[in-house]
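Colleague: Any chance you could fold what I've pasted below:
(one chain, ligands or ions: 1)
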Amino acid sequence: MDSSGTKRSYGFATTALHTGRGSTQERENSPALFLTSSFQFENAEQARAVFAGEEEGNIYSRFTNPTVALFEQRVAALENAEYAVATATGMAAVTTTFMSFLSTGDHVVLSRSVFGSTINIAKTVLARMGIGVTYVQLSDPKAWEAAVTPATKMFLLETPANPTLEMVDLVAVAQVAKSRGILLVVDNVFCTPCLQRPLELGADVVIHSATKYMDGQGRVLGGAVVGGKKLLMDHVYPFMRNTGASLSPFNAWVLLKGLETLSLRMEKHCDNAEKVAAFLSAHSQLNGAVHYPGLPNHPQRELAERQMRRFGGVVCLDLGSMERAHRFMDGLNLVIITANLGDSRTLTTHPATTTHAKLTQAERLSAGITDGLVRLSIGLEDVEDILMDLDQALAQL
Ligand SMILES: Cc1ncc(COP(=O)(O)O)c(C=O)c1O
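Modeller: Numbering: from 1, shown residues only. Predicted coordinates for the structure are as follows:
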């Protein structure tokens with residue numbers, strides 16, 4: 001309650017710490033880890049009643065688990081959504097979403113700028129199932145509109161996209177989707193709900209790789225599908241429950257610990273990334289070939305200000321060729337070469353030869369992934385140390 005007696009919802013950090021708070025008869029303060037595959041019944045009649053849905057209760061951790069359920073509640077609360085279904089990985093969230101909503105003969109409009117594995121699923125699994133896919137330029141809402149056919153059931157996009165940081169006006173794309181009864185699915189991995197809440201801008205479903213900023217310390221894999229309760233209970237939960245894309249309770253427990261510090265970490269990731277982007281964009285070796293939504297000359301800076309609270313922790317630079325990109329990465333001492341992002345440590349990846357290597361060169365170029373592009377996921381180190389490492393690696397080129 002505020003001083004006028006009006007009930008108000010808690011802020012982001014409080015929500016991440018206290019939503020669904022409770023404890024067992026042991027009165028533990030930190031969330032309990034229910035590391036169990038199944039749950040006991042008092043008697044055979046209770047087992048029958050719980051299976052029949054006449055009595056509430058846990059049955060088996062592929063369906064429900066209290067630690068996983070708390071993670072789901074907190075992710076839903078942070079996205080200001082009714083419901084979330086946790087999944088084993090971010091890709092399990094993507095695949096579960098495709099499979100839960102699409103059937104043979106349907107059509108999907110997919111941003112050209114999405115994570116490589118999402119495109120690989122579209123090209124292999126969706127194609128094999130007879131689901132048509134049209135790829136469009138992410139940033140152009142008119143291209144989304146033009147790609148719609150009578151069979152279109154879903155739009156799926158990332159904004160900002162991995163790794164180009166291209167964005168789209170979510171309100172504009174949501175209007176196109178709504179007016180035609182199409183489901184808008186947004187992968188919110190780069191922002192987390194701390195920086196952007198797509199459901200509030202008109203999306204129907206949000207996908208997360210919790211592996212990234214939600215864990216935030218490079219420990220476990222996880223994912224989530226977030227949205228309205230009826231939508232998820234009718235489509236996503238039954239698919240997840242039966243196919244087994246479930247999140248492990250141990251990983252859910254680690255992710256709950258990650259969520260407790262998400263807001264603090266995101267501020268520091270953004271602080272550091274803003275300084276790195278400013279430093280690199282002024283660097284003589286780079287001639288301004290730096291991508292970061294917060295840079296004053298970024299073509300979509302105004303959009304980023306409108307739909308994101310801050311500009312995120314990923315910065316990309318273009319070194320002109322694969323040879324120079326690899327040489328730059330090999331010259332780094334502090335920054336770690338690894339295929340992940342959203343870690344507490346600063347990480348670097350060369351998308352063209354790793355995360356997006358399975359795409360053709362033409363597909364990569366149409367998504368803006370040049371051979372010289374290097375992705376930096378800026379960590380929580382003292383920023384001067386990150387800048388010093390980048391500077392010495394650039395000097396070696
Ligand atoms: C934007 C985006 N979506 C989804 C994924 C897949 O997540 P996971 O590795 O947890 O399966 C990634 C992984 O890098 C990603 O960057």
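Colleague: Can you report phi and psi for residue 223?
Modeller: Here is the backbone geometry of residue 223 (degrees, to the nearest 10): phi -160, psi 180.
Colleague: Who does it form a beta bridge with?
Modeller: residue 87, residue 209 (DSSP bridges).
Colleague: gap between it and the ligand?
Modeller: From residue 223 across to the ligand, the span is 5 Å (CB to the nearest ligand atom, to the nearest Å). Any C-beta I mention is one placed from the backbone N, CA and C, and that applies to glycine too.
Colleague: Quick check, that residue in contact with residue 214.
Modeller: No. Shown here, residue 223 and residue 214 do not form a contact pair, counting by CB atoms under 8 Å, at 9.2 Å.
Colleague: which SS state does residue 135 fall under?
Modeller: Look at residue 135: counting by DSSP: H, G, I helix; E, B strand; the rest coil, its state is strand.
Colleague: Quick check: closest non-adjacent residue to the residue in the stretch 1-150 of the chain positioned nearest to the ligand.
Modeller: Closest to the ligand within the stretch 1-150 of the chain is residue 90: 2.3 Å, counting by CB to the nearest ligand atom. Excluding the flanking residues, the one nearest residue 90 by CB to CB, 6 or more residues apart in numbering is residue 209, at 2.3 Å.
Colleague: what does the stretch 201-350 of the chain put close to the ligand?
Modeller: 209, 211, 221, 223 (CB under 6 Å from any ligand atom).
Colleague: Model confidence at the second one, what's the number?
Modeller: Residue 211 is assigned a predicted lDDT (pLDDT) of 98.
Colleague: Without its sequence neighbours, what residue ends up closest to it?
Modeller: residue 221 (4.7 Å).
Colleague: Count residues in the vicinity of the one you found, would you?
Modeller: Neighbour count of residue 221, defined by other CB atoms under 10 Å: 21.
Colleague: do residue 324 as well
Modeller: Residue 324, neighbours per other CB under 10 Å, totals 16.
Colleague: After the strand or helix carrying it, which helix or strand is next?
Modeller: Residue 324 is part of helix 322-330, with elements assigned from DSSP states H and E. Toward the C-terminus, helix 322-330 is succeeded by strand 336-337 as the next helix or strand (DSSP H and E).
Colleague: returning to what we had before: only the buried residues of the helix holding residue 324, if you could.
Modeller: For helix 322-330, burial by neighbour count (16 or more other CB atoms under 10 Å) applies to 324, 325, 326, 328, 329.
Colleague: what's the overlap in contacts for residue 223 and residue 214?
Modeller: Both residue 223 and residue 214 are contacted by residue 208, under the criterion CB atoms under 8 Å, 6 or more residues apart in numbering.
Colleague: Go through the lowest-mean-pLDDT helix or strand in the chain and flag the buried ones.
Modeller: When each helix and strand of the chain is scored by mean pLDDT, DSSP states H and E, helix 361-366 comes last, with a mean of 91. Neighbour-count burial for helix 361-366, counted by 16+ other CB under 10 Å, picks out 363, 364.
Colleague: Show residues contacting that helix.
Modeller: 112, 119, 135, 351, 352, 356, 370.
Colleague: can we see that at 7 Å?
Modeller: 112, 352, 356 (CB atoms under 7 Å, 6 or more residues apart in numbering).
Colleague: Residue 173 against residue 145, yeah?
Modeller: No. Using CB atoms under 7 Å, residue 173 makes no contact with residue 145, being 8.8 Å away.
Colleague: For the lengthiest strand in the chain, output the C-alpha coordinates as CSV.
Modeller: Of all segments of type strand in the chain, defined using DSSP state E, the longest is strand 152-158. The C-alpha trace of strand 152-158 is given here as CSV (Å, rounded to 0.1, in the frame of the first residue of the first chain):
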residue,chain,number,x,y,z
THR,A,152,0.1,-17.7,-41.7
LYS,A,153,-0.3,-18.7,-38.0
MET,A,154,2.8,-17.2,-36.4
PHE,A,155,5.4,-14.4,-36.5
LEU,A,156,8.6,-15.2,-34.6
LEU,A,157,11.4,-12.6,-34.0
GLU,A,158,14.2,-11.5,-31.7
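Colleague: ok, the closest residue to the ligand within the stretch 201-350 of the chain - contacts?
Modeller: Per CB to the nearest ligand atom, residue 209 is where the stretch 201-350 of the chain lies closest to the ligand, at 3.0 Å. By CB under 7 Å, 6+ apart, the residues touching residue 209 are 89, 90, 189, 223.
Colleague: repeat for residue 369
Modeller: Contacts for residue 369 were tallied using CB under 7 Å, 6+ apart; they are 163, 164, 351, 352, 356.
Colleague: any idea how far the third one lies from the ligand?
Modeller: Spatial separation of residue 351 from the ligand under the definition CB to the nearest ligand atom is 10 Å.
Colleague: where does the residue lying closest to that residue once chain neighbours are set aside fall, phi/psi-wise?
Modeller: Residue nearest to residue 351 in three dimensions, not counting chain neighbours: residue 163, with 4.7 Å by CB to CB, 6+ apart. When read as degrees, to the nearest 10, the backbone of residue 163 gives phi -110, psi 10.
Colleague: okay, now residue 163: neighbour count?
Modeller: 28.
Colleague: try residue 354
Modeller: 14.
Colleague: Tell me how far it lies from the ligand.
Modeller: Taken as CB to the nearest ligand atom, the span from residue 354 to the ligand is 10 Å.
Colleague: Domain-wise, how is the protein divided?
Modeller: 12-260, 262-395 (automatic domain parsing).
Colleague: first to last residue in the longest one, what's the distance?
Modeller: Same thing as domain 12-260. Taking CA to CA, to the nearest Å as the measure, domain 12-260 stretches 10 Å from start to finish.
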